[in-house]
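Visitor: missing the sequence, but the structure's below:
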């Protein structure tokens, strides 16, 4: 009759490593989708939540308010108009499901479409959390290499033929065509058409993730895949985490009703948080465009700082394509640099970064790459952090040879 | 090269039935944990959210604000003090995880402890969604009969011996000792001690659900199991859905760190909605006790209306124990009444009710029982709805024979 129980003996197999105790954020925080603190529109949020609670607060008494499991109707209405205006997608509130962040949207699609042993196609370098979610449920992520335009369509078709020979049919293809994560590219119109052609030819659905698509430097962008598709083949997701605030957990899925009705059935969370949906609906209807313009300028400015710091401290040792939007830069270092090791050493000095292999379906091609997020740290922190990182990198790997116009000893 | 894709051919096996299109709430809504519309403290919520956003709004720029994956620190601090004051539980913010409703808390415990083929013990009549979540992951719910004090400890030990003989070790026992759902009973102190003794003897953990425990008519109640346990055996969960507002999706788990660290690792939602956590922390610190007193009186009043309506329209055909708190009444009708059929007929006339079998691990003992929730409908709606329900019941099953002092034809 022991007082204590040994939980290890009861735990399921295949669980991830337990979480460590939270130690706070590192001083130089170049990871995560965090945003600029000064860009949170606190006063306008207060007005929005005040107005919407006065009008509609009593409806908090019912699960899903009065709007059912798909989410707060005014927020779905805003999303319909935003998707039409910005992404060229024509849809209706009946095809939208509000989710608790886009992460839940990915989980729901996976729950409905994927079983262990299945295959899902990815850009070879892609959103780490999307790859991890797939791996955690025993599904095989297959990567297709990218160039400056995103996923390479010729190599995609090669991969599709190869899979067909093995009688493997991918459950879906996950793609971030507009501000690719981590590359920051925007897939050109003709590649999008080709991707849709291949999806029809090889008969697979596409999950298009547009979490960063509203944060672009130049407002011109091609129509989303979901807007080009004349059938039901594209599942589309997005989020307010990057455009408004990440701690608000509100994303959305747009899909064919046949699929969406099945997804709603497995979303057993009694709805996504109502107060956040209400505030966002009210705030975004009045302020979204202006906020996005201003936030994008702030982010572009921080990117310029990061690029300059890299040029000063890494020189030609750091190679990258300039992203067309977003909050991250994908960097290639000389091939002797193992960015997993670099990340461990940097962590010891208060710098957090994403080693390339975490952001890749395949370890090797990403071993000298890393992702630095620039949305959250101040410009001073960016400069200092990059300088320190260059020193650590030089100490361990002998590169960069030259920093801040001085040869390193 | 078909434009459309047939999603049926891609879907996983064992999915629940697809969701129907949302049709709005029924006129006589006696289901779901909905609350009283007039009891939503809209003005105080506006003040709370205004204050907290002014002070802490910029922290929405980071996932989890500055407080890590366990949730907003001031909310965890409020929960620690509420649990000490109301439930007799001594814990710290390090052992609390904020969840997106208690439903997510149940999912997380299940994800860490349960695999298909496992067994979980329940009160024979219990929270439908807890039973369904267990069934949906291929786990076997075993029910222990109840009496007016909740789960029967003699029958629990019988069941434990029976399982032991079959070499089956339950992964945990799920129990709602304070305002049992659906029975509304409060388990006496000595039964709680006995339950803990059995948990030690047969070495299983207990998941104690206190979602309704703050809504009791008489503020005296025994210490929670988690407060009596001198080890790590009790996992405790609760929610703000019933005490403040269900559309806010905020619950919590209290557990031993060994278990909790594993649970945090599988909670892959990037945190629970920050705005709801912030508002609740601010609101509850100032208003929780007063709000609960007033809400409990409102609910007791609605219960009285429901009981009176049942006496008028069902007479002796409706039997029930008076619940000691909460928002539901568990009713036994004469045995010829099939409440699943009654529920179908009632739905056709705008009345929603929970047939007993949905709220039971075993179909048969619950076939003539039903659960009516009284928190949401107005007193007039309760009276009309019960009157209509009695008519439908008489028409189909010949009972009640007498209603509103008249013999039915």
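Guide: Here it is on my side, so go on. Quantities reported herein were computed from a predicted structural model and do not represent experimental measurements.

Visitor: before we move on, what SS does residue A:135 have?
Guide: Using DSSP: H, G, I helix; E, B strand; the rest coil, the structure places residue A:135 in helix.

Visitor: for it, which non-adjacent residue is spatially closest?
Guide: Of all residues not flanking residue A:135 in the chain, residue A:141 sits nearest, at 6.5 Å (C-beta to C-beta, 6 or more residues apart in numbering or on different chains). Heads up, the C-betas are built off the backbone N, CA and C, glycines and all.

Visitor: check for me that that neighbour belongs to a strand.
Guide: Yes. The assignment for residue A:141 is a strand, going by three-state DSSP.

Visitor: neighbours of it, how many?
Guide: Here the count is done by other C-beta atoms under 10 Å in any protein chain shown, and residue A:141 has 21 residues near it.

Visitor: quick one, strands of the stretch 51-200 of chain A?
Guide: A:96-99, A:119-123, A:140-144, A:146-147, A:150-151, A:172-175 (DSSP state E, counting those that start in this stretch).

Visitor: give the contact list for the residue of the stretch 51-200 of chain A found nearest chain B.
Guide: Here the stretch 51-200 of chain A gets closest to chain B at one residue, residue A:68, 3.0 Å apart by C-beta to the nearest C-beta. For residue A:68, the contacting residues are B:22, B:24, by C-beta atoms under 8 Å, 6 or more residues apart in numbering or on different chains.

Visitor: residue A:288 now?
Guide: Contacts of residue A:288 by C-beta under 8 Å, 6+ apart are A:78, A:82, A:243.

Visitor: cutoff 7 Å now
Guide: Neighbour list for residue A:288: residue A:82 [criterion: C-beta atoms under 7 Å, 6 or more residues apart in numbering or on different chains].

Visitor: you'd agree residue A:362 is up against residue A:125?
Guide: No. Residue A:362 is beyond contact range of residue A:125, at 9.1 Å (criterion: C-beta atoms under 7 Å).

Visitor: more crowded one of those two?
Guide: Set residue A:362 next to residue A:125 and count neighbours by other C-beta under 10 Å: residue A:125 wins out with 26 against 15.

Visitor: state the distance from the more buried one to residue A:233.
Guide: 24 Å (C-beta to C-beta, to the nearest Å).

Visitor: what does residue A:357 give?
Guide: 31 Å.

Visitor: let's see the pLDDT reported for the residue lying closest to residue A:381 once chain neighbours are set aside.
Guide: The shortest distance from residue A:381 to any non-neighbouring residue, by C-beta to C-beta, 6+ apart, is to residue A:28 (5.9 Å). In this model, residue A:28 is scored at 98, pLDDT.

Visitor: and residue A:28, how many neighbours?
Guide: Counted with other C-beta under 10 Å, residue A:28 comes out at 22.

Visitor: equivalent analysis for the one 10 residues further on, please.
Guide: The local packing of residue A:38 (other C-beta under 10 Å) involves 10 other residues.

Visitor: contacts only, for the nearest residue to residue A:123 once chain neighbours are set aside.
Guide: Leaving aside its chain neighbours, residue A:123 sits nearest to residue A:151 (4.8 Å; criterion: C-beta to C-beta, 6+ apart). Residues near residue A:151 by C-beta under 7 Å, 6+ apart: A:123, A:144, A:175.

Visitor: so can I have CSV of those showing pLDDT?
Guide: Output for the contacts of residue A:151, formatted as CSV (pLDDT from 0 to 100):
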residue, pLDDT
A:123, 98
A:144, 98
A:175, 98
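
Visitor: ok, the residues you listed vs residue A:64, which is closest?
Guide: The shortest gap between residue A:64 and any of the contacts of residue A:151 belongs to residue A:175, at 31.0 Å (C-beta to C-beta).

Visitor: does the closest one touch residue A:124 like I think?
Guide: No. Applying C-beta under 7 Å, one finds residue A:175 not in contact with residue A:124, separated by 11.6 Å.
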